[in-house]
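**Student:** Need a 3D model of the sequence below.
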Amino acid sequence: MLTKKSQYAFKALTYLADRQKDGPVLISEISEKKRYPLSF
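**Tutor:** Alright, predicted model coming up:
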């Protein structure tokens, strides 16, 4: 079982992979779109 922090990291990586052709992605964008705490 993964920790909550690891789950957030994995999902953030998949978000980045889906948008790799769009260029850089801000952490705040990932946090907003995935509804994750910005601190993670």
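**Student:** Can you show me the strands along this protein?
**Tutor:** For the chain, no strands turn up when DSSP state E is the criterion.
**Student:** quick one, what contacts the nearest residue to Leu16 once chain neighbours are set aside?
**Tutor:** By the measure of Cβ to Cβ, 6 or more residues apart in numbering, the closest residue to Leu16 outside its immediate chain neighbours is Val25, 5.9 Å from it. The C-beta positions use only the backbone N, C-alpha and C, and glycine is treated the same way. Counting by Cβ atoms under 8 Å, 6 or more residues apart in numbering, Val25 touches 15-16, 19.
**Student:** Can you tell me, leaving aside adjacent residues, what's nearest to the residue positioned nearest the centre of the chain?
**Tutor:** With distances taken as Cα atoms, centre = their mean, the residue of the chain nearest its centroid is Ala12 (2.1 Å). Residue nearest to Ala12 in three dimensions, not counting chain neighbours: Ile30, with 5.1 Å by Cβ to Cβ, 6+ apart.
**Student:** got any ranges where the chain has weak pLDDT?
**Tutor:** In the prediction, the chain carries no residues with pLDDT under 70.
**Student:** 90 instead, please
**Tutor:** Judged by pLDDT under 90, the chain has its weakly predicted residues at 1-2, 5, 33-40.
**Student:** Tell me where the longest helix sits in it.
**Tutor:** Looking across the chain with DSSP state H, the single longest helix is helix 4-18.
**Student:** What count of nearby residues applies to the nearest residue to Lys4 once chain neighbours are set aside?
**Tutor:** Once flanking residues are discounted, Lys4 sits nearest to Phe40: 7.9 Å by Cβ to Cβ, 6+ apart. Residues near Phe40, counting by other Cβ atoms under 10 Å, number 14.
**Student:** Show the contacting residues for Phe40.
**Tutor:** Residues in contact with Phe40, defined by Cβ under 8 Å, 6+ apart, are 4-5, 8-9, 31.
**Student:** Give me the buried subset of those.
**Tutor:** By neighbour count, with 16 or more other Cβ atoms under 10 Å, these hold 8, 31 as buried.
**Student:** Kindly provide the distance from Ile30 to Tyr8.
**Tutor:** Distance from Ile30 to Tyr8, counting by Cβ to Cβ, to the nearest Å: 9 Å.
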